[in-house]
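Undergrad: sequence unavailable; structure follows:
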């Protein structure tokens with residue numbers, strides 16, 4: 001699993017977008033929020049997997065051994081002791097993965113296509129901030145280009161905010 005997560009971490013997001021296009025968009029004959037979510041989930045997997053693994057390793061062996069000494073089966077010790085002990089780290093990994101995919105545009109171009117009408121259903125094209133930034137930045141209209149810069153700034157602030165929250169939570173977990 002670790003090897004697969006490491007390989008997935010090195011795959012460019014545009015390749016993930018092409019893969020999601022081939023697997024979901026072509027067979028469904030439609031761009032959709034589902035295919036975009038699938039592509040972004042693939043990008044999230046390595047980040048969440050690695051942080052979850054590291055968080056579970058940080059749970060002291062004495063806690064595992066204490067649970068096993070009480071006669072609890074190994075699987076129950078993992079579910080009842082290790083996972084609750086690592087839950088903060090897993091949640092932080094999920095937040096970091098969300099921050100990682102927040103600005104991804106390439107997979108969304110291949111899967112979501114974009115919609116000026118927002119969300120019309122999971123099986124329909126869907127709008128996304130990175131796609132709007134891309135479209136508005138390339139437009140010949142100066143007003144749209146200014147909106148693209150403002151949206152890019154908003155996206156940077158959102159990612160920065162998520163990273164600050166993760167840092168604060170990780171300090172509280174250690175301190």
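TA: That came through fine. Owing to the predicted nature of the structure, the values given are computational and were not obtained by experimental measurement. Numbering: from 1, shown residues only.
Undergrad: pLDDT below threshold where in the chain?
TA: In the predicted model of the chain, residues 173-175 satisfy pLDDT under 70.
Undergrad: please redo it, this time with the cut-off set to 80
TA: By pLDDT under 80, the low-scoring segments of the chain are 114-121, 169-175.
Undergrad: which strands and helices sit next to the longest helix anywhere in it?
TA: Ranked by residue count under DSSP state H, the longest helix found in the chain is helix 142-174. For helix 142-174, the packing partners by 3 or more Cβ pairs under 8 Å, 6 or more residues apart in numbering; DSSP states H and E come out as helix 83-101, helix 129-138. From N, CA and C alone the C-beta is placed, and that goes for glycine too.
Undergrad: out of those helices, which is closest to residue 20?
TA: helix 83-101 (12.7 Å; Cβ to Cβ).
Undergrad: adding mean neighbour count and distance to residue 13, write the helices and strands packed on helix 142-174 out as JSON lines.
TA: Below are the helices and strands packed on helix 142-174 laid out as JSON lines (neighbours: other Cβ atoms under 10 Å; distance: least, Cβ to Cβ, whole Å):
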{"stretch": "helix 83-101", "mean neighbour count": "18", "distance to residue 13": "8"}
{"stretch": "helix 129-138", "mean neighbour count": "17", "distance to residue 13": "11"}
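Undergrad: quick one: which of those helices is nearest residue 160?
TA: Ranking the helices and strands packed on helix 142-174 by proximity to residue 160 (Cβ to Cβ) places helix 83-101 first, at 8.6 Å.
Undergrad: packing partners of that closest one?
TA: If contacts are counted by 3+ Cβ pairs under 8 Å, 6+ apart, helix 83-101 sits against helix 33-57, helix 142-174.
Undergrad: mind redoing it with 10 Å?
TA: helix 33-57, helix 61-69, helix 142-174 (3 or more Cβ pairs under 10 Å, 6 or more residues apart in numbering; DSSP states H and E).
Undergrad: tilt between it and helix 33-57?
TA: Relative orientation of helix 83-101 and helix 33-57, computed by axes from the mean of the first three to the mean of the last three Cα atoms, to 10 degrees: 140 degrees.
Undergrad: now helix 83-101, how far from the centre of its chain.
TA: Distance, stretch centre to chain centre, for helix 83-101: 10 Å (Cα atoms, centre = their mean, to the nearest Å).
Undergrad: give me the angle between it and helix 142-174.
TA: 160 degrees.
Undergrad: can you list contacts of the helix or strand just after helix 83-101?
TA: Sequence order places helix 106-111 as the next helix or strand after helix 83-101, per DSSP states H and E. Residues from elsewhere that reach helix 106-111, judged by Cβ atoms under 10 Å, 6 or more residues apart in numbering: 12-25, 31-40, 42-43, 101, 114, 125-131, 134-135.
Undergrad: list the buried ones in helix 106-111?
TA: 106, 107, 108, 109, 110, 111 (16 or more other Cβ atoms under 10 Å).
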